[in-house]
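Enquirer: How does the following fold in three dimensions:
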Amino acid sequence: MSGRVTRRRLLAACSVGIATGLAGCTGDDTESDGTSSRSDESTDSNGEGSGDGSTDSDGSGEDAIRYGNSYVAEIDLHEAGTPSITQTYHEGDYHTHTEFGNGEVIESYHVDGETYAIVSGNCTIEENPPAENSVPDIENPRGVEEQLQPSETTTMNGESVEAYEHPEEDARWYVSTETGYPVQFEMDVATVTFHSWGETEPISAPDMECLEL
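Expert: Sure thing, here's the model as predicted:
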């Protein structure tokens with residue numbers, strides 16, 4: 001973990017703590033027709049829905065931010081020379097695609113509890129894949145002491161969003177006013193853009209021989 005860009009919380013859309021995956025999220029909130037609506041289902045401290053359809057949300061703060069377990073997160077690290085990172089999540093499994101400025105690409109897959117790393121065309125099974133060395137830690141925002149409150153309503157790429165200021169750190173969420181899903185998260189070391197909620201495909205292990213380390 002010492003190779004992480006930062007230990008500051010990214011507060012991302014699922015409780016990821018990277019080794020378990022941007023996983024341990026709520027159920028997918030997307031309707032059967034592919035559309036989404038603000039959920040009435042409450043969320044507990046580990047980001048999992050209660051499943052009883054009840055809610056104590058007043059429509060503001062943490063309770064206004066919805067989570068799913070199928071989405072894409074694009075991580076833009078602000079430090080010069082750092083790689084571009086895309087993480088795709090689908091129902092507990094996820095894939096990390098890390099691309100460096102010289103065109104080198106390394107990947108990792110977390111599938112059914114197993115972790116695969118692909119570097120230079122070779123596949124290994126290991127707990128700490130190199131593709132995730134630059135990924136900041138991401139947690140569910142439920143751990144903050146104060147309730148998040150929207151500070152303004154604005155637009156981002158033509159979409160209406162509410163901005164939520166983190167009460168303890170220099171960080172801000174932008175959440176869709178239509179769906180309640182995060183659109184973007186900004187902090188000092190990175191900007192995370194979220195999209196494709198409920199639209200990702202199942203993730204499979206690499207179709208190649210992998211050496212277990």
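
Enquirer: Strands of this protein, residue ranges please.
Expert: Secondary structure of the chain (DSSP state E): strands at 70-77, 84-90, 93-99, 105-111, 114-119, 122-125, 150-156, 159-165, 172-176, 182-186, 190-195, 210-212.

Enquirer: can you put the ones you listed in CSV and add distance to residue 135 and mean neighbour count?
Expert: Where you see a C-beta, it was placed from the backbone N, CA and C, and this is true even at glycine. Shown next, in CSV, are those (distance: least, Cβ to Cβ, whole Å; neighbours: other Cβ atoms under 10 Å):
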stretch, distance to residue 135, mean neighbour count
strand 70-77, 7, 21
strand 84-90, 6, 21
strand 93-99, 7, 22
strand 105-111, 9, 21
strand 114-119, 13, 18
strand 122-125, 18, 15
strand 150-156, 23, 12
strand 159-165, 22, 18
strand 172-176, 18, 22
strand 182-186, 14, 22
strand 190-195, 9, 19
strand 210-212, 21, 12
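
Enquirer: Any regions of the protein where pLDDT drops low?
Expert: The model of the chain has pLDDT under 70 over residues 1-64, 137-147.

Enquirer: If we use 90, what do you get?
Expert: Within the chain, the stretches with pLDDT under 90 are 1-68, 80-81, 136-151, 157, 164-173, 185-189, 213.

Enquirer: Can you check the distance spanned by stretch 160-178, start to finish?
Expert: 7 Å (Cα to Cα, to the nearest Å).

Enquirer: go on, stretch 67-87?
Expert: Stretch 67-87 stretches 15 Å from its first residue to its last (Cα to Cα).

Enquirer: how close does residue 125 sit to residue 87?
Expert: Between residue 125 and residue 87 the computed distance is 19 Å (Cβ to Cβ, to the nearest Å).

Enquirer: In TSV, list the strands of the chain along with distance to residue 136.
Expert: Converted to TSV, these look like this (distance: least, Cβ to Cβ, whole Å):
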stretch	distance to residue 136
strand 70-77	7
strand 84-90	9
strand 93-99	12
strand 105-111	15
strand 114-119	18
strand 122-125	23
strand 150-156	21
strand 159-165	18
strand 172-176	15
strand 182-186	10
strand 190-195	6
strand 210-212	27
